[in-house]
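Novice: pasting the sequence and the predicted coordinates here, then a few questions.
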Amino acid sequence: MFKIYLDYAATAPVRPKIKAKILPYLADKFGNPSSIHSFGREARKAIDKARENVARFLNCQPLEIIFTSGGTEADNLAVRGIVENAKIKMQKSKFIPHLVTSTIEHHAVLHTCKILEKERKAQVSYLTVDKNGLINPEDVKKTIKPNTVLVTIMYANNETGTIQPIREIGKIIEKENRLRELRKNKNKIYFHTDAVQAAGYLNCDTKFLHADLLSISGHKLAAPKGIGALFVKKGVPLEPILTGGEHEYQKRAGTENVAGIVALGQAVLLANNSQEKIRIKKLRDWLEKQIIAKIPDVQLNGHSHQRLPNISNLNFQFVEGESILLNLDLSGIAASSGSACTSGSLEPSHVIMAMHHNPLRTHGSIRFSLGWKTTKAEIDYLIKILPTVIIKLRKISPLGKKSNTNSYQLNI
Ligand SMILES: *Cc1c(COP(=O)(O)O)cnc(C)c1O
């Protein structure tokens, strides 16, 4: 059967060029990078090279890159690392660290914040979004308190692709820090952004973004799963969450995932390619236009243009998202109802809920996400299959409008 993968925001197939680069490190070049013999030095050299590539991608110094086991660990290290450090500093005062985040973050950030709150290790403010899924930078400013130590806002959302005004937020935080300096307050506010989805398509220059910490993940960039990185600006005080050896500038103990690191070092060279971006955006726009034209009662979730070029999150009224996914899967098409972590659990998406406050809107929402291998023929096949699936489901739908099935005829 013709199989079509439209779930790149969950994970991407490994690019052949990346695969070729890492195979030697799964075979002959197996040394432990901490060993001083030739096997070890060979592995160390590969890590150094990859670190330089990632540093160039983020416009920072190599020693500002900490390799982790993925995006989740990078997010945890940023949030927990800053909170732990601030707690040590605030020990003598009655304050606990305050964090600012948003209701639409990936669970790696959101659940971490909730846990820190529950453990009374931090106080957290959750910024809301408008119906386009956007955070208002002014809200960040209004929410900052004297004990705020970290603002963590994602660069682009994994469910809708909506791009947040990260640079504006970064500048606001810098200004707040200057005010604190004038008031002789030595505690700084650090700014973290989860750029896991953004890295494939947006400028991740950490200086341009005014970011202190930034997370990326390999498998969202067509490298294998289990590798990621956290940018930690020089001087940002961070407690490690994994302790042991002196690896990764004493910020992340454990023998390095050499093959994974090599893969990430190659992935960043291939990421954010302008030609590929144009090609993928064209396909995504075609998909969206055709589906909205052929199927009535479809709405776009997320911002219409301040959005990643590869994601289309669409709401199909009067149908269950899960039923659409199962039917598409029977035709060989893989899509998602949002985040991979929530699909299967039938929990309404926290991202769509934050935008529309309506469970019905979340139930019929499907995310199509495209990537380096997606072709026009694949999109055309989806456009051919989907209208029939939606008509069929609406006819049997318990969600209303059952009696008037004729209104669901194709607009062809
Ligand atoms: C996938 C994803 C993560 C988690 O990355 P892993 O490498 O899978 O742990 C974090 N944030 C966002 C926005 C993601 O899309």
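Specialist: All right, it came through fine.
Novice: run through who's touching the strand or helix carrying Glu288.
Specialist: Assigned by DSSP states H and E, Glu288 belongs to helix 274-294. With contact meaning Cβ atoms under 8 Å, 6 or more residues apart in numbering, helix 274-294 is reached by 201, 298, 300, 309-312, 314, 368, 370-372, 374-376, 379, 382-383, 386-387, 410-412. Heads up, the C-betas are built off the backbone N, CA and C, glycines and all.
Novice: so of those, which ones are in helices?
Specialist: Lys376, Ile379, Leu382, Ile383, Leu386, Pro387 (DSSP state H).
Novice: about what we covered before: just how off-centre is the helix holding Glu288 within its chain?
Specialist: Counting by Cα atoms, centre = their mean, to the nearest Å, helix 274-294 is centred 21 Å from the centre of its parent chain.
Novice: among the contacts of helix 274-294, name the buried ones.
Specialist: Among those, those classed as buried by 16 or more other Cβ atoms under 10 Å are 201, 298, 300, 309-312, 314, 368, 370-372, 374, 379, 382-383, 386-387.
Novice: contact partners for Ile96?
Specialist: Counting by Cβ under 8 Å, 6+ apart, Ile96 touches Lys87, Met90, Arg120, Lys121, Ala122, Gln123, Asn147.
Novice: swap that for Ala43, please
Specialist: Going by Cβ under 8 Å, 6+ apart, the list of residues near Ala43 reads Tyr25, Lys29, Phe30, Gly31, Asn32, Pro33, Ser35, Glu256, Val258.
Novice: quick revisit: out of the buried ones among the contacts of helix 274-294, list just those in strands.
Specialist: If you go by DSSP state E, the buried ones among the contacts of helix 274-294 have Val298, Leu300, Ile311, Ser312, Leu314, Phe368 in strands.
Novice: so which pair among those residues is furthest apart in space?
Specialist: The largest distance within these, taken as Cβ to Cβ, falls between Val298 and Ile311 and amounts to 15.5 Å.
Novice: where does the stretch 201-350 of the chain have low pLDDT?
Specialist: Along the stretch 201-350 of the chain, the model assigns pLDDT under 70 to residues 338-346.
Novice: how many other residues sit next to the residue in the chain positioned nearest to the ligand?
Specialist: Using Cβ to the nearest ligand atom, the closest approach of the chain to the ligand is made by Gly71 at 2.4 Å. Neighbourhood size, Gly71 [other Cβ atoms under 10 Å]: 27.
Novice: leaving out sequence neighbours, find the closest residue to it.
Specialist: Nearest residue to Gly71, sequence neighbours excluded (Cβ to Cβ, 6 or more residues apart in numbering): Ser217, at 3.2 Å.
Novice: so that neighbour bridges to which residues?
Specialist: On the basis of DSSP bridges, Ser217 is bridged to Gly228.
Novice: what residues are up against the residue of the chain closest to the ligand?
Specialist: Gly71 makes contacts with His106, Ala108, Asp194, Val196, Ser215, Ile216, Ser217, Lys220, Gly228, as judged by Cβ under 8 Å, 6+ apart.
Novice: now it, what are its backbone angles?
Specialist: Backbone torsions for Gly71, taken as degrees, to the nearest 10, come to phi -70, psi -40.
Novice: next: Ser336.
Specialist: Main-chain dihedrals, Ser336, degrees, to the nearest 10: phi -150, psi 160.
Novice: which parts of the protein sit against the ligand?
Specialist: Within the chain, the positions near the ligand by Cβ under 6 Å from any ligand atom are 70-72, 75, 106, 108, 154, 158, 194, 196-197, 217, 219-220, 228.
Novice: for the residues you listed, work out which two are farthest apart.
Specialist: Using Cβ to Cβ, the residues of the chain next to the ligand span at most 17.1 Å, a distance reached by Met154 and His219.
Novice: looking at the two, which is more packed in?
Specialist: Shown here are Met154 and His219; by other Cβ under 10 Å, Met154 has more neighbours (28 against 23).
Novice: for that one, which non-adjacent residue is closest in space?
Specialist: Nearest non-adjacent residue to Met154 (Cβ to Cβ, 6+ apart): Asp194, at 4.2 Å.
Novice: what are the ranges of the helices in the stretch 1-150 of the chain?
Specialist: 16-22, 38-57, 71-90, 107-118, 137-143 (DSSP state H, counting those that start in this stretch).
Novice: okay, those helices in JSON lines with distance to Ile241 and mean pLDDT next?
Specialist: Output for these, formatted as JSON lines (distance: least, Cβ to Cβ, whole Å; pLDDT from 0 to 100):
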{"stretch": "helix 16-22", "distance to Ile241": "26", "mean pLDDT": "98"}
{"stretch": "helix 38-57", "distance to Ile241": "20", "mean pLDDT": "98"}
{"stretch": "helix 71-90", "distance to Ile241": "5", "mean pLDDT": "96"}
{"stretch": "helix 107-118", "distance to Ile241": "10", "mean pLDDT": "98"}
{"stretch": "helix 137-143", "distance to Ile241": "25", "mean pLDDT": "98"}
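Novice: which of these has the highest mean neighbour count?
Specialist: Most buried of the helices of the stretch 1-150 of the chain, by mean neighbour count (mean count of other Cβ atoms under 10 Å): helix 71-90, with a mean of 23.
Novice: what about the strands in the stretch 151-300 of the chain?
Specialist: Counting by DSSP state E, counting those that start in this stretch, the stretch 151-300 of the chain has strands at residues 190-194, 213-217, 228-232, 298-301.
Novice: elements contacting the first one?
Specialist: Meaning strand 190-194. The elements that strand 190-194 packs onto, with contact taken as 3 or more Cβ pairs under 8 Å, 6 or more residues apart in numbering; DSSP states H and E, are helix 71-90, strand 148-152, helix 166-182, strand 213-217.
Novice: with only the CA atoms kept, save that strand in PDB.
Specialist: Only the C-alpha atoms of strand 190-194 are listed here, as PDB (Å, rounded to 0.1, in the frame of the first residue of the first chain):
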ATOM      1  CA  TYR A 190      16.800  34.400  32.500                       C
ATOM      2  CA  PHE A 191      15.000  33.800  29.200                       C
ATOM      3  CA  HIS A 192      14.500  30.300  27.900                       C
ATOM      4  CA  THR A 193      12.800  29.300  24.600                       C
ATOM      5  CA  ASP A 194      11.900  25.800  23.500                       C
END
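Novice: what's the angle from it to helix 107-118?
Specialist: Angle of strand 190-194 versus helix 107-118, following axes from the mean of the first three to the mean of the last three Cα atoms, to 10 degrees, is 140 degrees.
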